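Chemist: when you get a sec, could you give me coordinates for this:
(4 chains)
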Number of protein chains: 2
Amino acid sequence: MNKQKRFSDAEFDAVECSVSHQSLFDCLTKDEINMLDEFKSCLTFKKSQQIFNEGNYPLGIYCIDHGKVKLSHSGEDGKMQIVRLATAGNIIGYRALFCNEKYNASAIALDDTSVCFIPKDVFMKVLSLNTQLAQNFIRLLATDLRKAEDHMTELAQRPVRERMAKALIALRDLYGLVKGETTINVSLSREEIADIVGTATETTIRLLAELKNEGIISFSGKKISIENMAALEKIAHCYQPSYQYSR
Amino acid sequence: MNKQKRFSDAEFDAVECSVSHQSLFDCLTKDEINMLDEFKSCLTFKKSQQIFNEGNYPLGIYCIDHGKVKLSHSGEDGKMQIVRLATAGNIIGYRALFCNEKYNASAIALDDTSVCFIPKDVFMKVLSLNTQLAQNFIRLLATDLRKAEDHMTELAQRPVRERMAKALIALRDLYGLVKGETTINVSLSREEIADIVGTATETTIRLLAELKNEGIISFSGKKISIENMAALEKIAHCYQPSYQYSR
DNA sequence: GGCGATTTGTGATGTTTGTCATATTTATCA
DNA sequence: TGATAAATATGACAAACATCACAAATCGCC
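Modeler: You can find the predicted model right below:
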């Protein structure tokens, strides 16, 4: 793709993991890319390993080269809430870094995952040099914030069944389908789905069984397929009360 | 405060509304302040008037000179969720601007409010000139995002009574007390409190009455006092189940 | 392959909470 | 000030959902 200059293998790796997927780093100059390359390191995590841990201070940011990650925040009684999901090309760990806070959520690999770690100092240096990069992160944060606000409103107002439908659609949108199959390309436990939807694990199990009975989804273990997207979207969008008060 | 140069009255106003309250604009040079001054305009809103409206495109940002503002997002069935509250010195309207989106929430004055409007072009220009300003907004957004994530988790996991206690404490922290009194310095309807807590208006009314009976708060109309902060904090932090299953 | 641990599934149960109806109080404005 | 609208309050009730208990299936690992 980039024919103007031959990169060494190491450099090319960094370009891979920062630029190829993500428009965020499009704006970097060669010098800036080289700065990042010099200090970046590539790390791999097996499924269910922690990439960073809620309560620790951030040391840098992580660009996901390939794999899937959940950002899981612990509630007061220890129950987890998944506040964001990430996939190849996404960056994680930037929020805490930007306000010098402890991580508010743990990042856990949902799959074997490889990431590119950029140390705090180098990243912040490049951020201060490149106005466009700063604006790209501003846009990213502002988008995250809108999503969070929408999610807050749904959690406060919408019933579990509707949130479940929305979550299944969102999972398919983010992770797509396993190629050659109709199953959503992410493997989540019932508990993890519950932590996305914001409900009890048992309720999630019952609700998935219900949707399966209705022919809207099908599943075997953690492989979930959407069989009737129109019906699922209907549940997700327009909430039909499942009961009517007598009149 | 700023003795280095005499400002005209108009200039001084702008400095007042952008710099005096808020550290966000500390980093501006004189030239940058002058740019903002030249194009800013001051607007006033009476209680319950809209400053901007969900669904419209932003034309600039608003710095609150004095007053109080709610940012209220409409749920699917039209029920409102208050996603942020703002007071003098805060800035509003920046989120939508940063990602070129429609406003995701309406800004409504909770009190007679005066704001300083800075048009999009000028603001974005200054933002691109001043790296420190960009980083300040990055920090602001990152902080907003953490708050939103915490709130999401609470909405998903904590009972209404606990969220109500948290909300009352947050209101006192943000708006303080009416001077010479013990009442929280903001006037909200029961419906607005419900839209903060994420519950039905009737539930809010009942819960406030309950807290009043317990001597934890007192109120007359919209004037609410916290009578027993320790007890309220206990409700807010450590959730004690109000029932026990038989064993 | 088999054993223990984890995950998934199911039933019973009752709390929490929202909804509707309606009264009462408070605010608004001619 | 009085009429009218809006906000607050209260009761009845049922749905939504969590919790606990325990059974069945699946997974991980030696």
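
Chemist: okay, CA-based contacts and neighbour counts for the rest of this
Modeler: Will do.

Chemist: and A:Leu43, bridged to which residues?
Modeler: Legend: beta-bridge partners of A:Leu43 under DSSP bridges are A:Val115.

Chemist: now do the contacts for it.
Modeler: Contacts for A:Leu43 (C-alpha atoms under 8 Å, 6 or more residues apart in numbering or on different chains) come out as A:Ser114, A:Val115, A:Cys116, A:Phe117.

Chemist: do I have it right that the last one meets A:Ile61?
Modeler: Yes - distance between A:Phe117 and A:Ile61: 5.8 Å, which falls inside the contact criterion (C-alpha atoms under 8 Å).

Chemist: those two - which one has more neighbours?
Modeler: Neighbours of A:Phe117 and A:Ile61, each counted by other C-alpha atoms under 10 Å in any protein chain shown, are more numerous for A:Phe117; the result is 25 against 22.

Chemist: tell me the SS of the more buried one?
Modeler: Taken by DSSP: H, G, I helix; E, B strand; the rest coil, the conformation at A:Phe117 corresponds to strand.

Chemist: what bridges to the residue nearest to it when sequence neighbours are not counted?
Modeler: Counting by C-alpha to C-alpha, 6 or more residues apart in numbering or on different chains, A:Tyr62 is the residue found nearest to A:Phe117 once chain neighbours are left out, at 4.6 Å. A:Tyr62 has these beta-bridge partners by DSSP bridges: A:Ile92, A:Phe117.

Chemist: next one: A:His66
Modeler: With DSSP bridges as the rule, A:His66 is bridged to A:Ser114.

Chemist: tell me the contacts of A:Thr143?
Modeler: With contacts taken as C-alpha under 8 Å, 6+ apart, A:Thr143 has the following neighbours: B:Arg95, B:Cys99.

Chemist: just checking, A:Phe219 touches A:Ser225?
Modeler: Yes - taking contact to mean C-alpha under 8 Å, the distance of 6.0 Å between A:Phe219 and A:Ser225 places them in contact.

Chemist: of those two, who's got more company?
Modeler: Neighbours per residue (other C-alpha under 10 Å) separate A:Phe219 from A:Ser225, with A:Ser225 holding more: 22 against 15.

Chemist: in chain A, what spans have low per-residue confidence?
Modeler: Scanning chain A for pLDDT under 70 picks out the ranges A:1-22, A:238-247.

Chemist: rerun that using 90 as the cut-off
Modeler: Low-confidence regions of chain A, defined here as pLDDT under 90, cover residues A:1-23, A:180, A:237-247.

Chemist: so which bits of stretch A:177-195 are buried?
Modeler: Buried positions in stretch A:177-195, judged by neighbour count with 16 or more other C-alpha atoms under 10 Å in any protein chain shown: A:Leu177, A:Thr183, A:Ile184, A:Asn185, A:Val186, A:Ser187, A:Arg190, A:Glu191, A:Glu192, A:Ile193, A:Ala194, A:Asp195.

Chemist: equivalent analysis for stretch A:143-159, please.
Modeler: Of the residues in stretch A:143-159, A:143-158 count as buried by neighbour count, 16+ other C-alpha under 10 Å.

Chemist: could you pull up phi and psi at A:Asn185?
Modeler: A:Asn185 has phi and psi values of phi -80, psi 50 when expressed as degrees, to the nearest 10.

Chemist: quick one, what contacts it?
Modeler: Contact criterion C-alpha under 8 Å, 6+ apart gives A:Arg172, A:Tyr175, A:Gly176, A:Leu177, A:Val178 as the residues in contact with A:Asn185.

Chemist: among those, which ones lie close to DNA strand D?
Modeler: Near DNA strand D, taking C-alpha under 7 Å from any atom of the strand as the test, no member of these is found.

Chemist: within reach of chain B, which of the residues you listed are there?
Modeler: The subset of the contacts of A:Asn185 within reach of chain B, by C-alpha under 8 Å from any C-alpha of the partner chain, is empty.

Chemist: tell me which of the residues you listed fall in helices.
Modeler: Counted as lying in helices by DSSP state H, out of the contacts of A:Asn185, are A:Arg172, A:Tyr175.

Chemist: can you confirm A:Ser218 is in a strand?
Modeler: Yes - the assignment for A:Ser218 (three-state DSSP) places it in a strand.

Chemist: tally up the residues packed near it, please.
Modeler: Neighbours of A:Ser218 under the rule other C-alpha under 10 Å: 20.

Chemist: and the lengthiest helix in chain A with helix B:131-157, angle?
Modeler: Counting by DSSP H, the longest helix found in chain A is helix A:131-157. For helix A:131-157 and helix B:131-157, the angle between their directions (axes from the mean of the first three to the mean of the last three C-alpha atoms, to 10 degrees) works out to 20 degrees.

Chemist: say whether DNA strand D is contacted by stretch A:180-195.
Modeler: No - with C-alpha under 7 Å from any atom of the strand as the threshold, stretch A:180-195 lies outside contact range of DNA strand D, at a closest distance of 8.3 Å.

Chemist: would you mind measuring the gap between the ends of that stretch?
Modeler: Chord length of stretch A:180-195, first to last residue, is 28 Å (C-alpha to C-alpha, to the nearest Å).

Chemist: distance between that stretch and the chain's centre?
Modeler: On the basis of C-alpha atoms, centre = their mean, to the nearest Å, stretch A:180-195 sits 13 Å off its chain's mean C-alpha point.

Chemist: does it reach DNA strand C?
Modeler: Yes - with C-alpha under 7 Å from any atom of the strand as the measure, stretch A:180-195 is seen reaching DNA strand C through A:Leu188, A:Ser189, A:Arg190, A:Glu191.

Chemist: show me which pair in those is furthest apart.
Modeler: Taking C-alpha to C-alpha as the measure, the residues of stretch A:180-195 next to DNA strand C span a maximum distance of 7.9 Å, between A:Leu188 and A:Glu191.

Chemist: hey, where'd the strands end up in chain A?
Modeler: Using DSSP state E, the strands of chain A run over A:41-45, A:50-52, A:60-66, A:68-74, A:80-87, A:91-92, A:106-109, A:113-119, A:217-220, A:223-226.

Chemist: in stretch A:50-70, what's buried?
Modeler: For stretch A:50-70, a neighbour-count test (16+ other C-alpha under 10 Å) marks A:50-54, A:58-70 as buried.

Chemist: show the end-to-end separation of that stretch, please.
Modeler: One end of stretch A:50-70 to the other measures 10 Å (C-alpha to C-alpha).
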